[in-house]
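K.L.:
for reference, the sequence and a predicted model appear below.
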Amino acid sequence: MSTKIKDTRYPRQLYTAKREQVVLGIDNYLDPPSEKDTVPPLEMHSPFSRYVVTIIDKSGAKIITPKANIPAGDVAGIVSIAKAAMIERICYTGSGEETEVQSDASPAYTQMIPFGRFKNKTPAMVLLDNPDDKAELLRTREFLQSKVMEFAQNQKHIDAIDDAVALLDARTLKQENAAQAKSGMQVIYAVSHKYMADTNSQGHRLFYGMSIECYYGNKYPWVVTIENFFAPGQQTSKGGLTPKMAEKSGYAKGIIRLNDMEWSQMIFRMESNIQNFEALWYSKMYKASLDIDRANRETRQAAAQADTPAAVA
């Protein structure tokens with residue numbers, strides 16, 4: 001007998017957080033490996049096994065629905081880092097240092113430079129340490145700009161340097177902002193320029209970026225940000241795609257802030273869903289692993305026997 005559920009519009013939905021104008025939804029697209037996949041059965045997930053996270057934002061003139069994938073393999077790391085961040089947040093706010101940290105802080109204070117003399121420093125830190133390094137920082141920017149078509153992620157470093165220089169010139173670059181960004185925030189998850197199968201009318205691929213951050217002093221500390229845009233995809237040496245940023249279109253950005261209870265429920269749902277999924281499929285995947293192992297042994301034995309010279313009478 002079939003089970004009837006009153007609202008079946010979102011049958012894969014495992015979590016939702018609602019505001020007056022903004023909604024966060026997470027759908028379960030977990031999928032076991034099939035015979036056509038090269039993934040070992042006991043890894044439990046196909047290459048496309050994932051959660052799909054969507055932010056629906058009705059606050060503007062046009063409704064936007066940016067979305068992103070969280071691969072099944074990323075869930076354990078997100079959960080582990082989030083649990084550690086929750087402990088850190090409790091210690092931080094319990095110390096009497098609770099302050100409202102701006103979750104939309106300039107990337108000048110949060111984006112690390114990935115190479116060279118300023119490696120692992122934010123542009124704000126560079127200029128606060130020595131404003132005379134502005135010229136060399138701008139040369140770093142020029143190098144990043146020269147490679148932006150090859151490495152699309154360079155754009156976020158360029159934006160961070162531009163912001164830092166603008167703040168310096170306006171005399172609004174502040175040491176306390178840099179210190180707060182360093183000590184009062186933890187990045188839980190961050191990906192950029194990933195792509196989906198979706199295309200627009202021009203055949204351009206949908207690219208997405210997603211970040212989850214915890215701002216320890218905030219009442220709604222857990223900030224989920226998703227960005228989408230369409231762009232032609234360029235083949236990378238590893239077989240993936242990178243966007244042609246000069247031709248991007250249809251940009252959309254959604255942000256939602258969660259309190260501790262909402263975040264804890266979201267993480268619990270994701271973790272328990274994946275555990276239940278793996279428990280459901282384990283028996284079948286274990287049997288498949290034994291069958292494949294047995295077939296491989298028989299193939300090796302047959303090959304060994306074929307290579308053995310016949311006994312001389």
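P.N.:
That came through fine.
K.L.:
can you list the weak-confidence ranges in this structure?
P.N.:
1-7, 93-105, 120, 175-183, 309-313 (pLDDT under 70).
K.L.:
so what are the domain limits for it?
P.N.:
Annotated domains of the chain cover 10-98+185-285, 102-183 [automatic domain parsing].
K.L.:
mean neighbour count and distance to A303 for these - can I get that in JSON lines?
P.N.:
C-beta: built from backbone N, CA, C; applies to glycine. As requested, the domains of the chain are exported to JSON lines (neighbours: other C-beta atoms under 10 Å; distance: least, C-beta to C-beta, whole Å):
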{"stretch": "domain 10-98+185-285", "mean neighbour count": "16", "distance to A303": "21"}
{"stretch": "domain 102-183", "mean neighbour count": "16", "distance to A303": "45"}
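K.L.:
ok, which of the ones you listed comes nearest A304?
P.N.:
Nearest to A304 among the domains of the chain is domain 10-98+185-285 (23.5 Å), distances taken as C-beta to C-beta.
K.L.:
first-to-last residue distance for that closest one?
P.N.:
The distance separating the two terminal residues of domain 10-98+185-285, taken as C-alpha to C-alpha, to the nearest Å, comes to 28 Å.
K.L.:
would you mind writing the CA trace of stretch 296-308 as CSV?
P.N.:
Included here for stretch 296-308 are C-alpha records, laid out as CSV according to Å, rounded to 0.1, in the frame of the first residue of the first chain:
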residue,chain,number,x,y,z
ASN,A,296,39.2,-10.7,-9.9
ARG,A,297,40.8,-13.7,-8.1
GLU,A,298,39.4,-16.2,-10.6
THR,A,299,40.6,-14.0,-13.5
ARG,A,300,44.1,-13.8,-11.9
GLN,A,301,44.2,-17.6,-11.3
ALA,A,302,43.1,-18.3,-14.9
ALA,A,303,45.8,-16.0,-16.2
ALA,A,304,48.4,-17.6,-14.0
GLN,A,305,47.4,-21.1,-15.2
ALA,A,306,47.5,-20.0,-18.8
ASP,A,307,51.0,-18.7,-18.4
THR,A,308,52.2,-22.0,-16.7
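K.L.:
and that stretch, what's buried?
P.N.:
For stretch 296-308, the buried set under the neighbour-count rule, 16 or more other C-beta atoms under 10 Å, is empty.
K.L.:
circling back: with distance to A304 added, can I get the domains of the chain in a markdown table?
P.N.:
A markdown table is the format used below for those (distance: least, C-beta to C-beta, whole Å):
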| stretch | distance to A304 |
| --- | --- |
| domain 10-98+185-285 | 23 |
| domain 102-183 | 49 |
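K.L.:
excluding chain neighbours, what is closest to Y208?
P.N.:
By the measure of C-beta to C-beta, 6 or more residues apart in numbering, the closest residue to Y208 outside its immediate chain neighbours is A68, 4.5 Å from it.
K.L.:
doesn't P47 make contact with G73?
P.N.:
No - applying C-beta atoms under 8 Å, one finds G73 not in contact with P47, separated by 9.5 Å.
K.L.:
ok, back up a step: pull the contacting residues for the residue nearest to Y208.
P.N.:
52-53, 191, 194, 208-210, 226, 228 (C-beta atoms under 8 Å, 6 or more residues apart in numbering).
K.L.:
also L167?
P.N.:
Shown here is L167, whose contacts under the criterion C-beta under 8 Å, 6+ apart are 106, 108, 124, 173.
K.L.:
mind telling me what element V148 is part of?
P.N.:
Using DSSP states H and E, no element contains V148; it sits outside every helix and strand.
K.L.:
give me the distance between it and P243.
P.N.:
For V148, the distance to P243 equals 11 Å [C-beta to C-beta, to the nearest Å].
K.L.:
tell me where the stretch 1-150 of the chain has helices.
P.N.:
Secondary structure of the stretch 1-150 of the chain by DSSP state H, counting those that start in this stretch: the helices cover 72-94, 123-129, 134-146.
K.L.:
can you lay out the ones you listed as JSON lines showing distance to Y29?
P.N.:
JSON lines is the format used below for the helices of the stretch 1-150 of the chain (distance: least, C-beta to C-beta, whole Å):
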{"stretch": "helix 72-94", "distance to Y29": "9"}
{"stretch": "helix 123-129", "distance to Y29": "38"}
{"stretch": "helix 134-146", "distance to Y29": "35"}
